[in-house]
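Chemist: Just the structure for this:
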Amino acid sequence: MDDARAVMDAAGSERAALLGFSEGGPMSILFAATYPDRAWALVLFGSYARVLWAPDYPSGVLEDQAAWTDEDLRSWGTPEWSKERADSLAPSTSEESRQALATLIRQSVSPGAAEALARMNREIDVRPVLSTIRVPTLVLNRTGDSSSIVGGSHYLARHIPGARHVEVPGVDHSISAGDSESVLREIEGFLKEVWEEQAWSDAEPDRVLATVLFTDIVGSTAKAAELGDARWRELLGEHHTLIRRQLTRFRGTELDTAGDGFFARFDGPARAIRCASAITEAVKDLGIDVRAGLHTGECELVDSKVGGIAVHIGARVAKEAAPAEVLVSSTVKDLVAGSGIGFSERGTVELKGVPGEWSLFAVESV
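Modeler: I've put the predicted structure just below:
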C-alpha cells in the first residue's frame, strides 16, 4: 500500500481518500456527499446503507436477528460473548488471533456505550444520500460474509453513481483477517487508477449535500397590523438579530431573508435541528411564534448559495409546520440516528409542486 499512501499524501491535508469499514461506511458516505471538495475517492468495505430489513431493503436483517440485540447487550463484555463475536468476525484466523480480538472487543467500550452504538446502528439509513455521491467509489466485500453484508454491498454498488463493485474470496468480516492482501491490492489499484485518470484540479464542486432550514413568523400580517409599522420594524430587527445569533452558534449559513422569513444552510442535519429548535424557543420572548422546516438533499451551488429541488422541498416542509414547531422530512430523521433527537410522526403529505408523498416528523426533543 506504499504507492497508494503516496497518492493520498500528494492530495494534501485538505483532501483525502475515505475508507469506510462496516458501520463506518454510512459516515464516510455522508462525509463524501457533504464535503466533495475534501474527498477525492471513497472505498467501502463490508458495509451497507442500513442495517434492518425493510420492504424496499430485503437484504437487511430482522430486528430480533440484528447484531447486538437486547439479549446480546445483556451479555456484552462477558468472555463467552466476546469470543462468539470474535469467531463471527474472523472465523478463518487462528485461535490465538481470535482470542486477541475477543479481548480487544471487551476492552474497547463500556456496556453503556456499546448499547448506544448498537441502537444507533439499528437506526442508520443513508439510502437517500447514495445518489448524491460524486467522488469515484469502490465497494468491496468478501463472498462468504453474511448475507446482509453481501446484499448491502450490492445495494451500495447499484445506487452510488459509477461505483465499482469487487468481491474477493473469503468468509471474514474483519478487513485485517484472512487474505487481507487481496483486499489491499484492490484498494491500492483503485486509488492509483483514480489519481492517474483524473487530472487534479482546484475546481469547486457544483453540487453538494446540504441541510436547508426555512423559518417564518406565524401570523405576521396580523401582528404587523396590531403593532403598527414602526414597532413592527423594530420587532423584525430583534427577530433577525436573534436568528443570526443562533445561526452563528450552530454554524449555519444565512442565504436569504425575505420579510419575516429566513433561509439558511447547514452541513450537518443534527446541528440544523438544534438551531431550529433554539430559534422557536427563543423568539417566544419576543411575543411571537416561528415555524421551521428542514430537508437534507443534493443542492446546486451557485455563487456560494444553494438551489434545486431539495431547497423547494425544504420550503414546502416549513409550510406544513404548526406554530412553534420544527418539522423535518424523513431524510433528515434517518440521518440523525444516534443523536438523541426525538421525533413524532406527522403523517404523509403531498408537498405542493413536489412529486410523490412525503413522510414528515415533528421534533419532540433535542
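Chemist: which residues of the stretch 251-366 of the chain fall in helices?
Modeler: Taking DSSP state H, counting those that start in this stretch as the test, the helices found in the stretch 251-366 of the chain are 269-282, 309-320, 330-335.
Chemist: Tell me if residue 139 really is in a strand.
Modeler: Yes. With the criterion set as DSSP: H, G, I helix; E, B strand; the rest coil, the secondary structure at residue 139 is a strand.
Chemist: quick revisit: among the helices of the stretch 251-366 of the chain, single out whichever gets nearest to residue 132.
Modeler: Counting by Cβ to Cβ, residue 132 lies closest to helix 309-320 out of the helices of the stretch 251-366 of the chain; the figure is 9.3 Å. For glycine as for every other residue, the C-beta is placed from the backbone atoms N, C-alpha and C.
Chemist: circling back to that earlier point, select, out of the helices of the stretch 251-366 of the chain, the one closest to residue 36.
Modeler: With respect to residue 36, and counting by Cβ to Cβ, the nearest of the helices of the stretch 251-366 of the chain is helix 309-320 at 15.1 Å.
Chemist: And that closest one, what does it pack against?
Modeler: Packed against helix 309-320, as judged by 3 or more Cβ pairs under 8 Å, 6 or more residues apart in numbering; DSSP states H and E, are the following elements: strand 207-217, strand 290-302, strand 326-329, strand 357-365.
Chemist: and the residue of the chain positioned farthest from its centre, backbone torsions?
Modeler: Summary for the chain: using Cα atoms, centre = their mean, the residue whose C-alpha lies farthest from the chain's mean C-alpha position is residue 228, with a distance of 44.8 Å. When quoted as degrees, to the nearest 10, the phi and psi of residue 228 stand at phi 90, psi 160.
Chemist: Can we start the residue count at 762 from this point?
Modeler: Got it, first residue is 762 now, which makes that one residue 989.
Chemist: So, low pLDDT: which residues of the stretch 812-961 of the chain?
Modeler: By pLDDT under 70, the weakly predicted segments of the stretch 812-961 of the chain are 825-831, 959-961.
Chemist: So which residues of it form strands?
Modeler: When assigned using DSSP state E, counting those that start in this stretch, the strands of the stretch 812-961 of the chain occupy the ranges 898-903, 925-929.
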